[in-house]
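A.B. asks: Fold the stuff below for me.
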Amino acid sequence: MMNFLVKTIANAGALAVAVWLLDKITLTGESTGKKVGTLLLVALIFGLVNFLVKPLVKLLSLPLLILTLGLFTLVVNALMLLLTSWLADKVDLSFHVEGFWTAVLGGLIISIVSWALNVVLPDGD
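C.D. replies: As a prediction, the model looks like this:
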C-alpha cells in the first residue's frame, strides 16, 4: 500500500512539473488546495492508465518498439498522457493536454521526473 502511495505522489509531482513547464498542459482550479486535489486525482488516473492500458499497447506495438530501438515508447507515453487527459475531462477534472506533440514532450518530462522522484523517495512495501 505504501508503494502505491509513493508512486502516486511521484506521478503527481511529475505531472506538476509538466504543467509548470508546458503552457499547453493546463491544470485549473479556484485555489491551491483544489489544484493539489485535482493533481492527485489525475495522478491516480495516470497510474491506472499506465497499469492497465500501457502494457497492452506496448505488447501490440512490439514490432515498432523493436524497429525503432525503443523510441516508439515516447509515442506510447504520449498516448497514455492524452488518454489521461480525456479521462480527466470525462470525470470533470480540470486537466487538459493540448495536442500530440505537447503530449510527447509532456510524457518525456513526466518520465524523467517520475524516475528521479522514485529514486529519491523511499520504496516501502
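A.B. asks: How confident was the prediction at the nearest residue to residue 40 once chain neighbours are set aside?
C.D. replies: Nearest residue to residue 40, sequence neighbours excluded (CB to CB, 6 or more residues apart in numbering): residue 12, at 5.3 Å. For glycine as for every other residue, the C-beta is placed from the backbone atoms N, C-alpha and C. pLDDT for residue 12: 93.
A.B. asks: quick one: contacts for the most far-flung residue of the chain relative to its centre?
C.D. replies: Within the chain, residue 67 marks the point farthest from the mean C-alpha position, 24.7 Å out by CA atoms, centre = their mean. Under the criterion of CB atoms under 8 Å, 6 or more residues apart in numbering, residue 67 has no contact partners.
A.B. asks: distance of residue 18 from residue 53?
C.D. replies: For residue 18, the distance to residue 53 (CB to CB, to the nearest Å) stands at 19 Å.
A.B. asks: Specify which residue of the two has the higher count of neighbours.
C.D. replies: Between residue 18 and residue 53, residue 18 has the larger neighbour count (other CB atoms under 10 Å), namely 25 against 15.
A.B. asks: State the next helix or strand along the chain beyond the host helix or strand of that one.
C.D. replies: In the assignment (DSSP states H and E), residue 18 maps to helix 2-21. Going down the chain from helix 2-21, the next helix or strand is strand 25-27, by DSSP H and E.
A.B. asks: in the helix or strand just after that following strand, what's buried?
C.D. replies: Using DSSP H and E, the helix or strand that follows strand 25-27 in sequence is helix 32-52. Buried residues in helix 32-52, counting neighbours by 16 or more other CB atoms under 10 Å, are found at 35, 38-39, 41-43, 45-47, 49-50.
A.B. asks: closest to residue 25 among these?
C.D. replies: Set against residue 25, the nearest of the buried residues of helix 32-52 by CB to CB is residue 42 (10.5 Å).
A.B. asks: got a list of what that closest one touches?
C.D. replies: When contacts are counted by CB under 8 Å, 6+ apart, residue 42 touches 12, 15, 27, 84, 88, 93, 95.
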